[in-house]
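S.K.: Just need the structure, nothing else, for what follows:
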Amino acid sequence: ALVNVNVLKEQVVKYNKQPVPDNLGEQVLCALQSLFTSVVSEEIKTEGVYTLILRDLLVSLEEVDSMSSGAAEVLVTILESWHCWKNSERDSLVDRLFTSQIIQSRVLTALVASDSIRNVKCAFGDIKFVDILKVTRMEYKMLCDIKTGGCGTTNFVHHVISRCPPIFIIVLEWEKSETEKEISETTKALEWEIDISRLYEGLEPNTNYRLVSMVGYGDENEEHICMAYEKNQWVNLRRESLAGEVVGNNWKNVVTFCGERKVRPVILLYEAV
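M.R.: Model prediction:
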């Protein structure tokens, strides 16, 4: 899913010129470097290269995360390894591409429960996905920390960002017992393009992001799959090879695919338009 984000591929090539830091995530970082480098150079298409590189990456990830880890946990591990990978200007790959604040680095991510999406959609009917996200967060409260000069009371949260990173991540939480209909209803509520200025304060109107890839898992052994938008069509990319299964050229095809195979989208990767 990550190698289908164009801006990420472009930046990894630049960061590859910098030495790899010596830390616990070094093996993960080296494996990620090899993967992206081979994709950009198209060496990945050489027979046997894809399988070898992916195996090395999985082995390095298993040393950090257990095999039972979900996609979100693995993504966190990858982002943490990239956090200490800096370019000549001392910007980390994560700060440059994923974070919404210059001073206090924070990956721009929206976390939402799948049943909340269905409930809001059912209540409001014709409502955009980004507005569903906004509604689900309206009741979110946090304690105003006295230690940092706060008032000590619990207040509603205002989501304000000072800059738009090239990549925006949405993570969906599932109960794992959803029916085909519930999976279809949830996936149908998702949208290919979203305007995050409706979700965060401080942005110009029409700050649009477009879905480029997503990770999901099915019922059978909870195997994770990746779907990406390539050459004007959605493709189901298999772990065993680079050859993908064509899903269709519009979002309705994705909804049908997810419903019939009970594939629950978990990580949505959006790229700034």
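S.K.: so where is the stretch 1-150 of the chain shaky, pLDDT-wise?
M.R.: Along the stretch 1-150 of the chain, segments meeting pLDDT under 70 span 16-25, 66-69, 87-90, 100-106.
S.K.: need the helices for it, in chain order.
M.R.: In the stretch 1-150 of the chain, the helices defined using DSSP state H, counting those that start in this stretch lie at 6-15, 26-41, 49-62, 71-83, 93-97, 114-124, 129-136.
S.K.: Highest mean neighbour count across the ones you listed, which stretch is it?
M.R.: helix 93-97 (a mean of 21; mean count of other Cβ atoms under 10 Å). Heads up, the C-betas are built off the backbone N, CA and C, glycines and all.
S.K.: Give me the residues contacting that helix.
M.R.: Outside helix 93-97, the residues that touch it by Cβ atoms under 8 Å, 6 or more residues apart in numbering are 7-8, 11-12, 15, 79, 82-83, 85-87, 105, 107, 165-167.
S.K.: And stretch 256-263, by the same measure?
M.R.: For stretch 256-263, the external contacting residues (Cβ under 8 Å, 6+ apart) are 178, 180-181, 183-184, 187, 216-219, 225, 227, 234, 236, 247-248, 264-265.
S.K.: So which of those residues sit within strands?
M.R.: The strands, defined by DSSP state E, take in 216, 217, 225, 227, 234, 236, 247, 248, 264, 265 from the contacts of stretch 256-263.
S.K.: tally of neighbours for residue 258?
M.R.: Per other Cβ atoms under 10 Å, the neighbour tally for residue 258 reads 25.
S.K.: Distance-wise, check it relative to residue 265.
M.R.: Distance, residue 258 to residue 265, using Cβ to Cβ, to the nearest Å: 7 Å.
S.K.: Now list whatever residues contact both of those two.
M.R.: Residues touching both residue 258 and residue 265 by Cβ under 8 Å, 6+ apart: 187, 216.
S.K.: and the ones in strands among the contacts of stretch 256-263, which two are the farthest apart?
M.R.: Using Cβ to Cβ, these span at most 20.2 Å, a distance reached by 217 and 248.
S.K.: Perfect, that will be all.
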